[in-house]
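> I'd like to go over a predicted model; first the sequence, then the structure.
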Amino acid sequence: MYADADAAVRAAGPRCEASGKCCRFTEYGHTLFISHFEAEILLESAPAYTQPVTRDGCPFQVSGLCTARDARPLGCRIYFCDPAYADRMVEITELAIARLKAIANEHDAGWNYSPLHHFLNAAVRERPAVSAPDSMTLPDARHALPLVPPPTI
């Protein structure tokens, strides 16, 4: 699905000024919504981050660059500030979300679509066991989402 979204965006050719506005949500008046599927994929390989996460911005933007680029959700892949791309961006987003919902329905997985910070704050930090009791360094932190039903509307 990500490859299809990336291809559709490439074909549309939006302009990116590399301003980082897309990751500074409150400052530029938008919210990144993701599905629970995307959150699981993101958390599988995302670098460690500090909790709690606010709705203000993405904790994976460091010095204006994305540190979770390969696992970034659809909203990150599809969103561009280019006004000439706005209509196409909506079309690509609607198609991708419809595909995700179809997958959820096919597998009776439920549907949870929430702001990024909700998933990141719900994630439980897990640390693998330290190999030696006298080790002074801990392995990288891992995050996992608790299994919770989607909110009722």
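Yep, it's here. In this text the structure is predicted, and so the values were computed from the model without any measurement.
> can you give me the strands in the protein?
With DSSP state E as the criterion, the chain has strands at 33-35, 61-62, 65-66, 113-115, 124-126, 142-144.
> give me the below-cutoff pLDDT ranges for the protein.
Within the chain, the segments meeting pLDDT under 70 span 125-153.
> where do the helices sit along it?
Assigned helices in the chain, in chain order: 2-12, 36-45, 74-78, 86-106, 116-122 (criterion: DSSP state H).
> just name the most buried of the ones you listed.
Of the helices of the chain, the one with the most neighbours on average (mean count of other Cβ atoms under 10 Å) is helix 74-78, at a mean of 22. (C-beta placed from N, C-alpha, C; glycine too.)
> one step back: so which of the helices of the chain gets nearest residue 25?
Nearest to residue 25 among the helices of the chain is helix 116-122; the distance by Cβ to Cβ comes to 8.1 Å.
> check which helices and strands the closest one is in contact with.
strand 33-35, helix 36-45 (3 or more Cβ pairs under 8 Å, 6 or more residues apart in numbering; DSSP states H and E).
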